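Asker: structure for this input, please:
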Amino acid sequence: MGLRPAEVCGLRWEDVDPENATIVIANTRTMMGNRYVVEKDTKSLAGERDLPLPALVLGALKAFRALQAEETLALGEATTLEAVIKEESVARTD
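Answerer: Numbers count the residues shown, from 1 in each chain. Alright, predicted model coming up:
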């Protein structure tokens, strides 16, 4: 699909359009010195683009989304963005 590693890491569910089988590439996420994560826009406006999702990838994303929904129900509110998995338990960061 021609994505940079940081673009793949920057994908969010809101970037996936299953009805039209496309994804929007608009963000990147990189690790800085094994200390923290930096999220930002793509390098250039040309880097922001819509891409078609192959059927195999779309199917895998739908299956993963369903699994994630099951896990969210099982774990409850600790699955918010502020949650951190640590030593086999879910810890809140706030």
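Asker: which residues touch stretch 12-30?
Answerer: Under the criterion CB atoms under 8 Å, 6 or more residues apart in numbering, residues 3-4, 6-7, 9-11, 37-43, 47-53, 55, 58, 61-62, 65 lie in contact with stretch 12-30. (C-beta placed from N, C-alpha, C; glycine too.)
Asker: let's go with 10 Å and repeat that
Answerer: Stretch 12-30 is contacted by residues 1-11, 36-43, 47-55, 57-59, 61-62, 64-65, 68 when judged by CB atoms under 10 Å, 6 or more residues apart in numbering.
Asker: separate out the buried members of those residues.
Answerer: Using 16 or more other CB atoms under 10 Å as the burial test, those include 6, 7, 10, 11, 42, 51, 53, 58, 61 as buried.
Asker: where does the prediction get shaky in the protein?
Answerer: 1, 42-47, 77-94 (pLDDT under 70).
Asker: identify, by residue count, the longest helix of this structure.
Answerer: helix 55-75 (DSSP state H).
Asker: from the contact counts, what lies against that helix?
Answerer: Helices and strands in packing contact with helix 55-75 are listed as strand 16-17, strand 22-25; criterion 3 or more CB pairs under 10 Å, 6 or more residues apart in numbering; DSSP states H and E.
Asker: residue 74 is nearest to which of these?
Answerer: Among those, the nearest to residue 74 by CB to CB is strand 16-17 (22.6 Å).
Asker: distance from the chain centre to the closest one, please.
Answerer: Offset of strand 16-17 from its chain centre (CA atoms, centre = their mean, to the nearest Å): 11 Å.
Asker: so what strands line up beside that strand?
Answerer: Note on strand 16-17: by DSSP bridges, its sheet partners are strand 22-25 (antiparallel).
Asker: next one: the strand it pairs with to chain centre, how far?
Answerer: So, by CA atoms, centre = their mean, the centroid of strand 22-25 is 12 Å from its chain's centroid.
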